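> sequence? don't have it. structure:
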């Protein structure tokens, strides 16, 4: 017969407090940010960066990244829905709604500015604008999410700011670093710490 493990009252109290804190954090936070979905988005962005470096015109480069944005939106939407379903969380109420309300304005602004930049032929600043506004969207949406999400947004904002002051020839490097590598790194962190 094995001897029962003796657990001190302090250990039990600490575990109870940790459970209560995590439960309250989940109740007030949008926890359906998908880690694995972020990794998939990052991989597809790296492939797009590789493909777009070989394209013969700026218009085709733009079309390639626009296609990547649509693909990333589809992957992200699907991954969020799957994670919310698994966690039995709603997307249209409470934290999910606040996350969307924080995320959408900057994303809409990015879409409008993309149209303006395209019409003006200002392809060189698109990566900086995209990274910066995507970062703003993640920071504001992430204000009601787990702690790592706003940090991810700040990383995108920093990279976008640097891209705006860098040569246009570096555009694909910034796109690969941001939409590729940052998504993969933060996706791994989110998947490990916050379950998928």
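Now that the structure is in, tell me what you want to look at. Since the structure is predicted, the reported quantities are computational estimates derived from the model, not experimental observations.
> just how off-centre is the longest helix seen in the chain within its chain?
When the chain is parsed with DSSP state H, its longest helix is helix 58-86. In terms of Cα atoms, centre = their mean, to the nearest Å, the centre of helix 58-86 is found 11 Å from the chain centre.
> would you mark the buried spots in that helix?
For helix 58-86, a neighbour-count test (16 or more other Cβ atoms under 10 Å) marks 58, 61-62, 64-65, 68-69, 71-72, 75-76, 79-80, 83-84 as buried. All C-beta atoms are positioned from the backbone trio N, CA, C, and that covers glycine.
> mean confidence score for the helix or strand containing residue 186?
Residue 186 belongs to helix 183-194 when assigned by DSSP states H and E. Average pLDDT, helix 183-194: 92.
> could you tell me the angle between it and helix 58-86?
Counting by axes from the mean of the first three to the mean of the last three Cα atoms, to 10 degrees, helix 183-194 lies at 10 degrees to helix 58-86.
> residue 78 and residue 71, how far apart?
As judged by Cβ to Cβ, to the nearest Å, residue 78 and residue 71 stand 11 Å apart.
> for residue 9, same thing?
Computed as Cβ to Cβ, the residue 9 to residue 71 distance reads 53 Å.
> so how many other residues sit close to residue 143?
Here the number of neighbours of residue 143 (other Cβ atoms under 10 Å) works out to 15.
> what's the nearest residue to it if we skip its chain neighbours?
If the residues on either side of it in the chain are set aside, residue 143 comes closest to residue 102, at 5.8 Å by Cβ to Cβ, 6 or more residues apart in numbering.
> then the one you found would be within a strand, right?
No: if the criterion is DSSP: H, G, I helix; E, B strand; the rest coil, then residue 102 is helix and not within a strand.
> that one and residue 141 touch, don't they?
Yes: Residue 102 is within contact range of residue 141, at 4.0 Å (criterion: Cβ atoms under 8 Å).
> higher neighbour count, those two?
residue 141 (24 against 21).
> roughly how far does the more buried one sit from residue 95?
From residue 141 across to residue 95, the span is 10 Å (Cβ to Cβ).
> please report the number of neighbouring residues for residue 125.
Under the neighbour criterion other Cβ under 10 Å, residue 125 is assigned a count of 17.
> and it, what are its phi and psi?
As for residue 125, its main-chain torsions (degrees, to the nearest 10) stand at phi -100, psi 0.
> is it in contact with residue 117, as I believe?
Yes: applying Cβ under 8 Å, one finds residue 125 in contact with residue 117, separated by 6.5 Å.
> the protein: strands as residue ranges?
Remark: no strands are assigned in the chain by DSSP state E.
> quick one: low-confidence parts of this structure?
Applying pLDDT under 70 to the chain picks out residues 1-7, 13, 16-32, 89, 91.
> and the nearest residue to residue 164 once chain neighbours are set aside, what is it in contact with?
In this structure, residue 164 finds its nearest non-sequential neighbour in residue 128, 3.3 Å apart by Cβ to Cβ, 6+ apart. Going by Cβ atoms under 8 Å, 6 or more residues apart in numbering, residue 128 touches 160-166, 174.
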